[in-house]
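**Student:** Got a predicted structure plus its sequence, pasted below:
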Amino acid sequence: MQCITDHAYSNAAQIELTRDSALLEERLKPPTAELNEQSLRVNHDTWTRNCFAAEENASFLIDYCIQLANEEFRPNSPADCRRVLGVDSSDKDSLSQLFNEGNLLAGAILDARSAISRWSQLKAWGKFARFGRVQPVWDSLGTPHGRYTSAGPCLNNRIESIRETIEPDPGYSFLSLDLNQAEYVTWASLSGDKVLGQAFLEGRDFHVEMVTAIRERVPVWDLRGQDPRAAGKTINFAILYQIQPHTLARMLGCSVAIANKIIEAYYSRVPTAAFFISSVLAAAKTRGYVETHYGRRRYCSELALKSTQREIHEIEKTCWNHVNAGTAAEYLKWKQVLLWESLRREGLKPDHVKLSVQMFDELILQVRDDVLCPVQQIAEPIMQAQVKGFFPFRVTVKVGKTWRECSK
């Protein structure tokens, strides 16, 4: 059994690699080692411009919070927030609930904190921008559910203004291979839900289709000018990641009561997929573990130790994400292995093409411009090939001269 630290909890997550998961990690060793042998270019001028814009935005939102509070106020200070708002807690969920109840300052604090975070991330990125290179260390065993991690620095989930600073070497381009809606397709595949699956089989827009169906079931929900597809995407993410109703309400700009109706309508439309989540959690309580489609097993004895509803909800989210997000992560890792092995068999060496970034459902290759076409001819069929037991994944292929340009 392998012990991998899960930073969301005080105890280490107990992970056992069984069946295909064990084989996968062995075959990932060569491409991962190669991934860690290279550095990436960072454009200093782009960083300077983006850092200045982030500072202006954060300063504007801080000033707005001060105006609403009508006194000196620091939105990043829990003590200031508790004092001015008159609450016991100023965490994200509590602020979201206050905003839904009509407190404008609570919403402004959330926006200001996000802006301050972006500015802080850009300032911290300055040392790499000044050096002109960054070389993270990638680890395919870095998380319990199987996603890659990177350190020194971490590149996972970097904000767009940082992605824009990362460029390929001269004479090269970035080639992005992205599995669209990977975790939704995985959920549909594992559950066998025909409603979810049919959208992917027929190539329909999953987000638009879902929001249209939800609005028919919840006619009192007013989009208030919001783009329907964006609203559908928000709902799909909220359900997939088991977000609480009051948080969904803030994201959609609706009441908590309507958010609850939206969640109920969602599950009534995809009952097989909903039942699958329940069955995963029930099995976790009975067996004491959950596992991915490929056999990456997580033991979850802490599920029986949690007492409050919030604690139970958090560990249930972790168990569900291990099964679904973990399966999606391993699906892409298998594609990565097959692609890397095929490229090397065809005589394409690291100075022709190499993996630069591994982002859960997206692979970003750095490809020499003179071999871009043959690399695409090898890569695209491998990424698009349907795997037994899964609905087809749609693959978006983009070429660009920055990470942001080629990425989703």
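**Tutor:** Nice, thanks for sending it over. As the structure is a computational prediction, the values presented were derived from the model and not from experiment. Residues are numbered from 1 along each chain as shown.

**Student:** Tell me, domain by domain, which residues of this protein belong where.
**Tutor:** Listed by automatic domain parsing, the domain ranges of the chain are 15-42+132-183+330-406, 45-126, 202-269.

**Student:** Just the endpoints, please. Distance across stretch 130-147?
**Tutor:** Using C-alpha to C-alpha, to the nearest Å, one end of stretch 130-147 lies 30 Å from the other.

**Student:** what's the distance between it and the middle of its chain?
**Tutor:** Relative to its chain's centre, stretch 130-147 lies at 15 Å (C-alpha atoms, centre = their mean, to the nearest Å).

**Student:** on that earlier part again, can you list the domains of the chain in CSV and add mean pLDDT, distance to residue 293 and mean neighbour count?
**Tutor:** All C-beta spots, glycine's among them, are computed from the backbone N, C-alpha and C. Listed next are those as CSV, based on pLDDT from 0 to 100; distance: least, C-beta to C-beta, whole Å; neighbours: other C-beta atoms under 10 Å:
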stretch, mean pLDDT, distance to residue 293, mean neighbour count
domain 15-42+132-183+330-406, 96, 7, 18
domain 45-126, 93, 31, 17
domain 202-269, 91, 16, 17
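
**Student:** Which of these sits closest to residue 298?
**Tutor:** Closest to residue 298 of those is domain 15-42+132-183+330-406 (C-beta to C-beta; 5.4 Å).

**Student:** want to throw the domains of the chain into CSV with distance to residue 312?
**Tutor:** Output for the domains of the chain, formatted as CSV (distance: least, C-beta to C-beta, whole Å):
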stretch, distance to residue 312
domain 15-42+132-183+330-406, 18
domain 45-126, 15
domain 202-269, 12
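
**Student:** Residue 309 is nearest to which of those domains?
**Tutor:** Taking those one by one with C-beta to C-beta, domain 202-269 is closest: 10.4 Å.

**Student:** host element of the closest residue in space to residue 240 that isn't next to it in sequence?
**Tutor:** Leaving aside its sequence neighbours, residue 240 sits nearest to residue 183 (C-beta to C-beta, 6 or more residues apart in numbering; 5.9 Å). In the assignment (DSSP states H and E), residue 183 maps to helix 182-191.

**Student:** which helices and strands does that helix pack with?
**Tutor:** Contact here means 3 or more C-beta pairs under 8 Å, 6 or more residues apart in numbering; DSSP states H and E; on that basis helix 182-191 packs against helix 194-201, helix 228-240, helix 271-287, helix 309-345.

**Student:** now that helix and helix 228-240, what's the angle there?
**Tutor:** For helix 182-191 against helix 228-240, the angle by axes from the mean of the first three to the mean of the last three C-alpha atoms, to 10 degrees is 50 degrees.

**Student:** tell me the angle helix 182-191 makes with helix 309-345.
**Tutor:** Relative orientation of helix 182-191 and helix 309-345, computed by the same axes, to 10 degrees: 100 degrees.

**Student:** starting at the chain centroid, how far to helix 182-191?
**Tutor:** Using C-alpha atoms, centre = their mean, the offset of helix 182-191 from its chain centre is 15 Å.
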